[in-house]
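Q: Mind looking at a prediction? Sequence and model below.
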Amino acid sequence: MSHVERAGDRDHARRGRENQERLTAGLKPAYDFIVCGAGSSGSVVAGRLAENTDVQVLLIEAGGGDEAEAVLDPAQWPSNLGSARDWGFRAEPNPHLNGRALAMSMGKGLGGGSSINVMVWSRGHRSDWDDFASEAGDPAWSYERVLDIYRRIENWQGPPDPDYRGNSGPVWVQPAPDPSPIARAMLEAAGELGIPTFESPNGRMMEGPGGAAVSDLLIRDGRRHSLYRAYVHPWLDRPNLTVLTDTLVRRVVLDDRRAVGVEVARGGRVLTIGARAEIVLSLGAIHTPKVLMHSGLGDREELGRHSIPVVRHLPGVGRNLQDHASFGCIWEYLEPMAPRNGGSEATLYWKSRPDLDAPDLLFCQLEFPAPSERTATRGVPTHGWSMFAGLARPASRGRLRLKGADPLAPVVIDANMMSDPADMTTARACVQLCRELGNAYAFRPFVRREAIPGELSDEELDRFIRDAAVTYWHQSCTAKMGRDAMSVVDSALRVHGIERLRIADASIMPRVTTGNTQGPCAIIGERAAEMIKADHAL
């Protein structure tokens, strides 16, 4: 970036700051559209709606800004976990994980998860999107249609690939530049095992059985390029977009079965802000169903336990919770190697069984040790790397419940991870493949030894899996799209039976996508914005 471009960016940032100070100091009683949550989907919706200067858009975020160096510096992303930029959710103790209660980090602040994650851009597999289209009864969610959106929104910085990549969109995507030697070693190790390698993990690789590739990242000029930075930040100096931080959405205000506003907590006060056209919930797979339930939208029995009046019986709210379970296998470096590009530069998707037609395993190489709190006791090398090996298609399902009628009370998260026996069968294959990769010839110039787990008996392996399992932080599916009794939204993301209320975040996924969820959340935001614009002739 040139000196002139940097000066222009600073001037824009100053104008945007001053404009937002004026707009938030003079909040309006009502806006045309209210988007709740400035994460990976909400940022997209708000940014796209604000492109039309004739509409007033309010974007509400419970957390603060994204100017911290821990957010903008890719190498510092792990420091955000457990910080004020993390909601700090914790699941209930899980008997299927030997009684462990997992921390379930989610982004709190402008950008949401896209401001604290590892910046990996993964589109999901063809089968994910075709399954979404089938569940919704709408071909607009199919892989071929979604591929068109990906091409439109990407500003791809890798080798030209017009069949799969675009180069004029708002989302700056690049292959990890100058990746670590161990990232290249992972691709070579995959080749040793007969797993194909690709120039990119997005495109042909995710139309068949999978493969290995250097990761695509949202990093621009050495800085994190979150979806908030891509979609909202450019419009902060516009008079029709108000971004309200440090403001918690308590519930949706309903007039009969029509959404007319939101009740929020801000600065120690409870306020109600009206919506003239629509409200979009983009609060993530934990808080979106929580707000729905506090608004009287959910399972009749669950709401009745807390004496919340039922506006609409939607038994699927808070159910179907899915996440990618992961198991950290660790190797000790022969010589210390510093992480590059955030420390995650190579990825692999493959099958636990040859009869599958799509990958059910997800491998993300981390250039530092990443044990669980239990496996850390097995002896973690000071200098090492991890294979973050996970279940891309988990069979286990969890559930969210309210702790009380007070919207400020935390939600009860029964993640139920590894509860389905099928997940244990897949996890065994996952760890075995992980060890074969890490112990392949390609790693010998860089690795002293396999530190965790090592050779184990069947019983020891099962214990390791339950002790090692952690979340990939891909919580999703708790307000799923579809047409059955457990669906919460229709194909247009409208809440069943409620007017002027949509959901756009990972909670609408019928099943968790194969891989990191940031990219699919951008698509969900784009689809929501398209449909809102069409409905209101914007």
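A: Here it is on my side, so go on.
Q: quick one, what contacts Asn202?
A: By C-beta atoms under 8 Å, 6 or more residues apart in numbering, the residues touching Asn202 are 121-123, 150, 164-165, 216, 519. All C-beta spots, glycine's among them, are computed from the backbone N, C-alpha and C.
Q: go again using 6 Å as the cut-off
A: The neighbours of Asn202, taking C-beta atoms under 6 Å, 6 or more residues apart in numbering as the test, are 123, 216.
Q: Distance from the chain centre to the longest helix along the chain, please.
A: The residue-count maximum for a helix in the chain (DSSP state H) belongs to helix 3-25. Here the centre of helix 3-25 is set off from its chain's centre by 28 Å, with C-alpha atoms, centre = their mean, to the nearest Å.
Q: what's the following helix or strand after it?
A: Note on helix 3-25: by DSSP states H and E, the next helix or strand toward the C-terminus is strand 30-36.
Q: which helices and strands sit right next to that following strand?
A: In terms of contacts (3 or more C-beta pairs under 6 Å, 6 or more residues apart in numbering; DSSP states H and E), strand 30-36 is packed against helix 42-50, strand 57-60, strand 269-281.
Q: and the gap between Phe334 and Ser79?
A: Quick fix: residue 334 is Leu, not Phe. 27 Å (C-beta to C-beta, to the nearest Å).
Q: For Cys521, pull up the helix or strand it's in.
A: helix 518-535.
Q: Summarise which helices and strands the longest helix of the chain is packed against.
A: Helix 3-25 is packed against strand 241-244, with contacts defined by 3+ C-beta pairs under 6 Å, 6+ apart.
Q: which outside residues touch the strand it packs on?
A: Applying C-beta under 6 Å, 6+ apart, the set of residues contacting strand 241-244 is 20, 23-24, 50, 57-60, 235.
Q: Note down every partner strand of that strand and its orientation.
A: Neighbouring strands of strand 241-244 in its sheet, by DSSP bridges, are strand 57-60 (parallel).
Q: what comes into contact with the partner strand?
A: For strand 57-60, contacts defined as C-beta under 6 Å, 6+ apart pick out 31, 33-36, 38, 46, 49-50, 241-244, 247, 249.
Q: Please pull up the helix or strand immediately following that strand.
A: Following strand 57-60 in sequence, per DSSP H and E, is helix 69-72.
Q: Check which element follows that next one along the chain.
A: Using DSSP H and E, the first helix or strand after helix 69-72 is strand 89-90.
Q: How about residues contacting the following helix or strand past that following strand?
A: Later in the chain than strand 89-90, the nearest helix or strand by DSSP H and E is strand 103-104. Contacts to strand 103-104, defined as C-beta under 6 Å, 6+ apart, come from residues 89-91, 471.
Q: One more pass at 10 Å, please.
A: 81-82, 86-91, 285-286, 321, 323, 373, 413, 415, 417, 470-471, 473, 475 (C-beta atoms under 10 Å, 6 or more residues apart in numbering).
Q: Show me the domain layout of this protein.
A: Using automatic domain parsing, the domains assigned to the chain come out as 1-120+222-321+477-524, 177-214+325-393+418-468.
Q: what mean pLDDT would you report for the longest one?
A: Per-residue pLDDT over domain 1-120+222-321+477-524 has a mean of 95.
Q: which one of the contacts of strand 57-60 has the most neighbours?
A: Val35 (36 neighbours; other C-beta atoms under 10 Å).
Q: Most tightly packed of the domains of the chain?
A: domain 1-120+222-321+477-524 (a mean of 21; mean count of other C-beta atoms under 10 Å).
Q: now it, how far from the centre of its chain.
A: With C-alpha atoms, centre = their mean, you get 12 Å for domain 1-120+222-321+477-524.
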